[in-house]
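> no sequence for this one, just the structure:
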């Protein structure tokens, strides 16, 4: 990961999580209590699932990852095309999901997104391929609709660029 992804994408603030290590700037995770107040989220050890939440990444590095993907630094264009194409069911119906990415239409353009969440964190990475455009939204609170926030930011940036 360090050599093939992080270095290649210029992700200088990313790495593998280690629940026992003291890691500078690692955020504490939070959850909402039933009455809405914040409380500490349940501690987890994600060392058994590095690809599914076991990485520490800054929002800036997540955006760098998206732009490195799109620029061909990490994958060949043919691989991206497959990854960012909606899969179909055995009945031939679109699933609206590629290989790890939600496939969307954003103002008539192809858009792709990946969301994730676990104890104490929620994130969305939203891209419009071919435009060099990515929005990364991360929070250290469980169950936040970061997808809506990412789409709102993308819409606002799109509106600003047309004025």
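Thanks, I have it. Worth saying up front: this structure is predicted, and the values here are computed from it rather than measured. Residues are numbered from 1 along each chain as shown.
> low-confidence ranges in the protein?
Confidence mapping of the chain against pLDDT under 70 gives the ranges 50-52, 159-163.
> have a look at it and report its longest helix.
Secondary structure assigned by DSSP state H gives helix 146-162 as the longest helix of the chain.
> what residues are up against the nearest residue to residue 133 once chain neighbours are set aside?
Nearest-residue entry for residue 133: residue 127, 6.6 Å, with adjacent residues in sequence omitted and distances by Cβ to Cβ, 6 or more residues apart in numbering. Every residue, glycine included, has its C-beta placed from N, CA and C. For residue 127, the contacting residues are 66, 69-70, 111-113, 133-135, by Cβ atoms under 8 Å, 6 or more residues apart in numbering.
> same thing with residue 153?
Shown here is residue 153, whose contacts under the criterion Cβ under 8 Å, 6+ apart are 135, 137.
> then the one 5 residues further on?
Counting by Cβ under 8 Å, 6+ apart, residue 158 touches residue 107.
> from residue 110, how far off is it?
In this structure, residue 158 and residue 110 are 14 Å apart, going by Cβ to Cβ, to the nearest Å.
> count of neighbours near residue 19?
Neighbouring residues of residue 19 were enumerated by other Cβ atoms under 10 Å; the total is 11.
> and it, what helix or strand is that in?
Counting by DSSP states H and E, no helix or strand carries residue 19.
> right, and it touches residue 48 too?
No. With contacts counted by Cβ atoms under 8 Å, residue 19 stays clear of residue 48, the gap being 10.5 Å.
> helix, strand, or coil at the residue nearest in space to the middle of the chain?
The chain has residue 125 as the residue nearest its centroid, 3.3 Å off, counting by Cα atoms, centre = their mean. Under the three-state scheme (DSSP: H, G, I helix; E, B strand; the rest coil), the conformation of residue 125 reads as strand.
> so who does it touch?
By Cβ under 8 Å, 6+ apart, the residues touching residue 125 are 62-63, 65-66, 113-115, 134-136, 150.
> may I see the residues you listed organised as CSV, with secondary structure added?
Rendered in CSV, the data for the contacts of residue 125 read as follows (three-state DSSP):
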residue, secondary structure
62, helix
63, helix
65, helix
66, helix
113, strand
114, strand
115, strand
134, strand
135, strand
136, strand
150, helix
